[in-house]
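Student: predicted structure and sequence below. I'll ask about it afterward.
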Amino acid sequence: NLKNSLDFIDGHLAKNAWFAGPELSMADFQMSFAIEALLSRSGAGSQYPHIDAYHKRMRARPAYQRAEAKGGPTLMAT
C-alpha cells in the first residue's frame with residue numbers, strides 16, 4: 001500500500017506543482033504532514049523525484065521554517 005500511495009502521489013505531483021491546483025492551498029498544508037510521514041517511513045524520497053521536489057518546496061517556505069523553529073522538527077515514532 002505504501003508503494004501504491006507513493007506512486008500515486010508522485011504521479012500527481014509530476015503534473016501539478018501543488019496538490020489542489022497551480023497555487024499553494026490548504027490541501028498542501030494538510031498533505032505536508034502526510035508527506036513527512038511517508039518519506040520517513042519509506043526512506044524512498046530519492047526514488048520519487050516529484051515528491052522529493054514538493055517536500056523541498058514546502059520546507060523552503062519561510063512560514064514552514066518559522067513554524068519548525070518555534071515547534072521543532074516533525075518527529076515520526078516507529
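Tutor: Great, that's in hand. Since the structure is predicted, the reported quantities are computational estimates derived from the model, not experimental observations. Numbering: from 1, shown residues only.

Student: hey, which helix or strand in the chain has the poorest pLDDT?
Tutor: Lowest by mean pLDDT, DSSP states H and E among the helices and strands of the chain is helix 26-42, with a mean of 88.

Student: list the buried residues for that helix?
Tutor: 28, 31-32, 35-36, 38-39 (16 or more other C-beta atoms under 10 Å). Every C-beta, even on glycine, is put in place using the N, C-alpha and C of the backbone.

Student: could you check how far it is from the centre of its chain?
Tutor: Put simply, helix 26-42 sits 4 Å off its chain's centre (C-alpha atoms, centre = their mean, to the nearest Å).

Student: how about stretch 48-55?
Tutor: Centre to centre, stretch against its chain (C-alpha atoms, centre = their mean), the figure for stretch 48-55 is 7 Å.

Student: okay, buried residues for it please.
Tutor: For stretch 48-55, by 16+ other C-beta under 10 Å, it's 48, 50-52, 54-55.

Student: out of the residues you listed, which is nearest to Phe19?
Tutor: Minimum distance to Phe19 across those is 8.3 Å, recorded for Tyr54 (C-beta to C-beta).
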